[in-house]
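Participant: Return atomic coordinates for the entry below.
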Amino acid sequence: MPREIRLNAFAMQSPVHHSPGLWRHPADKSLGFTDLDTWVELARVLEDGLFDALFVADSYSANEIFGGSVDAALRRGVQVPKLDPLLSVSAMAHATRHLGFGITSNALFEPPYPFARRMSTLDHLTRGRIGWNVVTGHSAAGARALGHKALIPHDERYDIADEYLDLVYALWEGSWEDGAVVRDRASGIFADPSRIHRITRRTRHFQVDAIHLVEPSPQRTPVLFQAGASGRGRGFAATHAEAIYVSGPSARVLAPLVADTRARAAALGRDPADLLFFSMATVITGATDEEAQAKLADYRRHVDPEAALMLFSDWTGIDFSRVDPNEPIRHQAQAEGIHSALESFTIGDPNRVWTVRELAEHVSIGGRGPVFVGAPGPVADQIERWVTESGVDGLNLSYAITPGGFRDFGTFIVPELQRRGRFKHAYAPGTFREKLFGPGRARLPASHPAAAFRPGAPAPASSSAA
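Facilitator: Model (predicted):
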C-alpha cells in the first residue's frame, strides 16, 4: 500500500515570501496581505484542496544583509513589512472546519507563560487545529529588535529552546489534570482545585510560578513543527518535533538529513513514524504540459533575481551584493544564519556546482526547493519520485502566485494523486494531530518528552532544570 502524501501550503503575511517580484503579476493577490479577506479566501481554497495545513513563516527581522541596510528589501518588499500571523488564525479557522494551522513563533523572544496561554486559546477556538513551528531565529536584526545586543550563537539558541519547551510542556501537560474541569451547574462547581497544579519551575533562562490560565485544550500541546537541519537542529527536531520542514534543491541533499533525524529519534526511544517530513517545493501546472510551460514563461517575466539574492543573503548571513554573479557558491564556516541554506547549495551535493547567478534564478520562484512543471501526470510522477528518493512524507508547497498556485494544485494534481492512491479523498475526523497520526492521537504519545510533565509521571530528566 503506497504511503499517503501529505501537503501543507507555505506562506508569509508579507508582499513577498519565496517568489520575489511576482507580487506584480496581475493574477497574484500577495498585495492583499493586510486584508483579512485575503487570508480567509486562501484558507477556503486550501480546505477545498484537502491540504493538511497552512504553514505560516514569520520572524522579527527585516532583511538588512544585502547591501548592508534594510533599504533594498524595503524597496522590493522582500519579507518586509510582515504581519503577526497569529491574529488572523481565528478568522481562517472560523471559515473552515478541517484545515490545520502551523504558526511560527520564536522560543527566544517571548516569555513562555503568555505564549502558552495564547496557543491554548487558539487550540480551543479552532477545536484542536493548531500547530507551532518552533524557531530560534537566525538574524542579528531580529535579535536587536527585541533588545538583545547580538544574536546568540547557533547551538546555544537550541539549548535555550530546550528550556523553553520544558516550561510550556509543564504548563500544557502538567498544570490541569484530566477531569479537573467539572462544569457542574447544580453544585456551582466549575473546577476541582485539587486537580490543578501550580507549575514552579526555574531554568537558566526562564522561570514560572503559576497555574496555567487556560483549561486543557483539545490537543493540550499543539502539533510541534520544526525546521532545523544543522546537526544541533536535527537533534532538537529528533527530541521534540512531529512535523519537520526541510528544504533543498535536490533529493540527494535531503535524504541524509531525513534519515539521520529519524535515526536520532529512534535512539531517543521515539517511534520514527511519529515524525513527518515536509519538503519545500513549488508546482506550476495546468491541463496540459503546454499550458503549464506557458504559465512558467509568464511568471518568469515578473521574477526579481536580485531580490532572490536578498532572500539568500538573509538566510545565510552572507552579503551576495558583493559577490560576482559568475562566481561559484562556496561553503564557508558560519557562526550564525541558517546553516543548511548554504550547505544545500554547496557540500550537500558535491556533484552540483552553483554560480551566484544560477542560485538567483533558482530561488526566484519558490525559494530553495524544486519547481515541478507540467500536466497532472508528469507532475505527479515528479512528486512521487521526489518523495521516494528524499524519504519525506509530503510537501510544504510554496507558490509562484497566490492563491492561484494552490488552487491549481487542488484542481489538477490532487485528483491525479488520488487516482494513484497517494492522497486522501476526505479529511479524517478529529484534531490536527489525529488527522496526521490517526484516531485517538489528540495528545502527544507517551514516548514524547512532554509526557514526562504529566501529573503522576516520573520527574522529567531535563538538562535545563536548575
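Participant: give me the number of residues near Pro403?
Facilitator: Using other CB atoms under 10 Å, Pro403 has 25 neighbouring residues. Quick note: C-beta positions are derived from backbone N, CA and C, even for glycine.
Participant: show me where the stretch 251-400 of the chain has strands.
Facilitator: 276-285, 371-374, 394-398 (DSSP state E, counting those that start in this stretch).
Participant: Distance to Arg262, mean neighbour count and mean pLDDT added to the ones you listed, as a markdown table?
Facilitator: Shown next, in a markdown table, are the strands of the stretch 251-400 of the chain (distance: least, CB to CB, whole Å; neighbours: other CB atoms under 10 Å; pLDDT from 0 to 100):
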| stretch | distance to Arg262 | mean neighbour count | mean pLDDT |
| --- | --- | --- | --- |
| strand 276-285 | 8 | 25 | 97 |
| strand 371-374 | 25 | 21 | 96 |
| strand 394-398 | 15 | 26 | 97 |
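Participant: Find the residue closest to Arg97 in space, skipping its chain neighbours.
Facilitator: Leaving aside its sequence neighbours, Arg97 sits nearest to Glu47 (CB to CB, 6 or more residues apart in numbering; 7.3 Å).
Participant: for the helix or strand hosting the one you found, which positions count as buried?
Facilitator: Here Glu47 sits within helix 36-48, counting by DSSP states H and E. Within helix 36-48, the residues that qualify as buried are 38-43, 45-47, counting by 16 or more other CB atoms under 10 Å.
Participant: which of those lies closest to Phe278?
Facilitator: Leu46 (14.2 Å; CB to CB).
Participant: Double-check the closest one against Val56; I have them as touching.
Facilitator: No: at 11.6 Å, Leu46 does not count as touching Val56 under the criterion of CB atoms under 8 Å.
Participant: still on that earlier bit, wait, which of the strands of the stretch 251-400 of the chain is closest to Ser88?
Facilitator: strand 394-398 (19.0 Å).
Participant: and the closest one with strand 276-285, angle?
Facilitator: Orientation note: strand 394-398 sits at an angle of 50 degrees relative to strand 276-285 (axes from the mean of the first three to the mean of the last three CA atoms, to 10 degrees).
Participant: ok, and what's touching strand 394-398?
Facilitator: The contact list for strand 394-398 (CB atoms under 8 Å, 6 or more residues apart in numbering) reads 5-10, 17-19, 51-52, 55, 245, 247, 276-283, 366-367, 369, 383, 387, 405-406, 409.
Participant: List the neighbouring strands of it plus their orientation.
Facilitator: strand 6-12 (parallel), strand 276-285 (parallel) (DSSP bridges).
Participant: Run through the residues that contact the nearest residue to Arg76 once chain neighbours are set aside.
Facilitator: Distances taken as CB to CB, 6+ apart put Ala307 closest to Arg76, at 4.3 Å, once the chain neighbours are dropped. By CB under 8 Å, 6+ apart, Ala307 lies in contact with 16, 20-21, 72, 76, 78, 364.
Participant: Then Pro218?
Facilitator: Here Pro218 is in contact with 123-124, 127-128, 431, 442 (CB under 8 Å, 6+ apart).
Participant: what about it, is that helix, strand or coil?
Facilitator: For Pro218, the assignment made with DSSP: H, G, I helix; E, B strand; the rest coil gives coil.
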